[in-house]
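> below is the structure, and that's it, no one-letter string:
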Ligand code: PXG
């Protein structure tokens with residue numbers, strides 16, 4: 001495997017960054033997780049745009065344009081002969097010193113890891129997940145806004161630890177008002193009759209790209225799609241519940257905090273959306289093409 005770091009493709013074992021990088025010292029940076037299916041990168045533009053928005057919120061200047069970043073992701077996939085896989089894109093504040101101040105980091109680092117994907121077991125999709133609600137509350141919008149996909153993921157990790165402690169793979173996180181925000185690495189939806197509901201972003205959810213695609217698919221299927229504040233009660237009494245994320249895609253939830261959801265099996269709306277999502281991932285996306293184009297010796301992408 002070759003990892004892209006600041007303009008160069010480096011062997012996996014040599015792909016390292018400084019211990020003075022503020023991404024490591026302070027979680028000061030942003031990231032994206034992107035999937036490639038069937039030789040195409042799914043929703044590449046949307047992921048890169050979200051990366052740039054996260055960076056903007058942190059006053060972190062990414063040292064290339066969005067078009068160049070898309071090209072780097074395509075090159076990283078081609079370099080690793082990836083047709084189906086997972087791309088982790090990281091931009092750190094860069095090397096500084098032990099002070100907090102970002103002004104000490106003049107050169108942000110760009111890292112692209114294009115790797116094989118660890119898929120969720122097929123059982124999760126066939127039988128659905130059993131999840132819990134974490135006691136760890138989602139970050140406040142005026143503390144670390146959950147819309148920023150930053151390298152500071154401790155809020156999510158603490159909730160994930162609770163999930164694992166309860167023998168679950170995911171946990172619901174509530175906001176400070178007691179409304180459902182999202183899960184530790186996935187957005188949440190419920191189905192009530194012919195309505196498909198998901199919390200608004202202001203409730204403490206990431207602007208999930210799979211969430212967006214799912215809302216479009218549900219609309220096309222003639223369902224009523226609404227963003228609305230949800231309490232745990234709304235989930236417990238829903239007909240169906242499912243989670244969305246780049247890694248998970250659309251995964252059914254059949255039990256929450258010991259309450260069986262609906263019939264206790266993946267419901268018809270969830271299954272229909274899962275199928276529609278899989279069709280879309282196979283058929284759309286930015287093609288990965290092995291191009292003649294190489295990085296210049298200085299690591300730049302001429303003409304990108
Ligand atoms: N909420 C949070 C907090 C996330 O981190 C999502 C929702 C889903 O967003 P997308 O755009 O992917 O539909 C995410 C993204 C992991 C992992 O290893 C999960 C994410 C990102 C990177 C790694 O579980 N989830």
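Received the coordinates, thanks. Remember, it's a predicted structure, so these values are computed and weren't measured experimentally.

> let me see the ranges of the helices in the stretch 101-250 of the chain.
122-127, 154-165, 209-220, 232-236 (DSSP state H, counting those that start in this stretch).

> which of those helices sits most buried?
Comparing the helices of the stretch 101-250 of the chain by mean neighbour count (mean count of other CB atoms under 10 Å), helix 209-220 comes out on top with a mean of 19. Just so you know, the C-beta spots here come from the backbone N, C-alpha and C atoms, and that holds for glycine as well.

> counting contacts, what elements does that helix pack onto?
helix 44-57, strand 187-192, strand 195-198, strand 224-227, strand 240-245, strand 249-256, helix 268-283 (3 or more CB pairs under 8 Å, 6 or more residues apart in numbering; DSSP states H and E).

> tell me what the longest one is packed against?
Which is helix 268-283. Using 3+ CB pairs under 8 Å, 6+ apart, helix 268-283 sits against strand 29-37, helix 209-220, strand 240-245, strand 249-256.

> tilt between it and strand 249-256?
Calculated by axes from the mean of the first three to the mean of the last three CA atoms, to 10 degrees, helix 268-283 forms an angle of 160 degrees with strand 249-256.

> got the residue ranges for the strands in the stretch 1-150 of the chain?
2-5, 8-11, 29-37, 40-41, 85-92, 109-115, 129-133 (DSSP state E, counting those that start in this stretch).

> quick check, the third one touching the ligand?
Pointing back at strand 29-37 there. Yes - counting by CB under 6 Å from any ligand atom, the ligand is contacted by strand 29-37 at residue 33.

> same question, the shortest one
No - contact between strand 40-41 and the ligand is absent, the nearest approach being 13.4 Å (criterion: CB under 6 Å from any ligand atom).

> next up, the contacts around the one residue in the stretch 1-150 of the chain that gets nearest to the ligand.
Closest contact between the stretch 1-150 of the chain and the ligand, by CB to the nearest ligand atom, is at residue 33 (3.4 Å). If you count contacts by CB atoms under 8 Å, 6 or more residues apart in numbering, residue 33 has them with 47, 86, 87, 88, 89, 246, 247.

> what pairs with it across the strands?
residue 88 (DSSP bridges).

> re earlier: so which of the helices of the stretch 101-250 of the chain is nearest the ligand?
helix 209-220 (3.2 Å).

> now the closest one and strand 29-37, what's the angle there?
On the basis of the same axes, to 10 degrees, helix 209-220 is oriented at 50 degrees to strand 29-37.

> and the angle for helix 209-220 with strand 240-245?
Per the same axes, to 10 degrees, the angle that helix 209-220 makes with strand 240-245 is 130 degrees.

> name the nearest residue to the closest residue to the ligand within the stretch 51-200 of the chain, ignoring sequence neighbours.
Closest residue of the stretch 51-200 of the chain to the ligand, CB to the nearest ligand atom: residue 185 (3.3 Å). Spatial nearest neighbour of residue 185, chain neighbours left out: residue 245 (5.7 Å); criterion: CB to CB, 6 or more residues apart in numbering.

> how close does that neighbour get to residue 93?
Computed as CB to CB, to the nearest Å, the residue 245 to residue 93 distance reads 26 Å.

> which one's more surrounded, the two?
In terms of neighbours (other CB atoms under 10 Å), residue 93 is the more surrounded of residue 245 and residue 93; the figures are 29 against 22.

> the more buried one contacts residue 106, correct?
No - assessed by CB atoms under 8 Å, residue 93 is found out of contact with residue 106, at 9.8 Å.

> now distance to residue 190 and mean pLDDT too, for the strands of the stretch 1-150 of the chain, in a markdown table please.
Formatted as a markdown table, the strands of the stretch 1-150 of the chain follow (distance: least, CB to CB, whole Å; pLDDT from 0 to 100):
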| stretch | distance to residue 190 | mean pLDDT |
| --- | --- | --- |
| strand 2-5 | 39 | 98 |
| strand 8-11 | 44 | 97 |
| strand 29-37 | 24 | 98 |
| strand 40-41 | 30 | 98 |
| strand 85-92 | 27 | 97 |
| strand 109-115 | 33 | 98 |
| strand 129-133 | 13 | 98 |
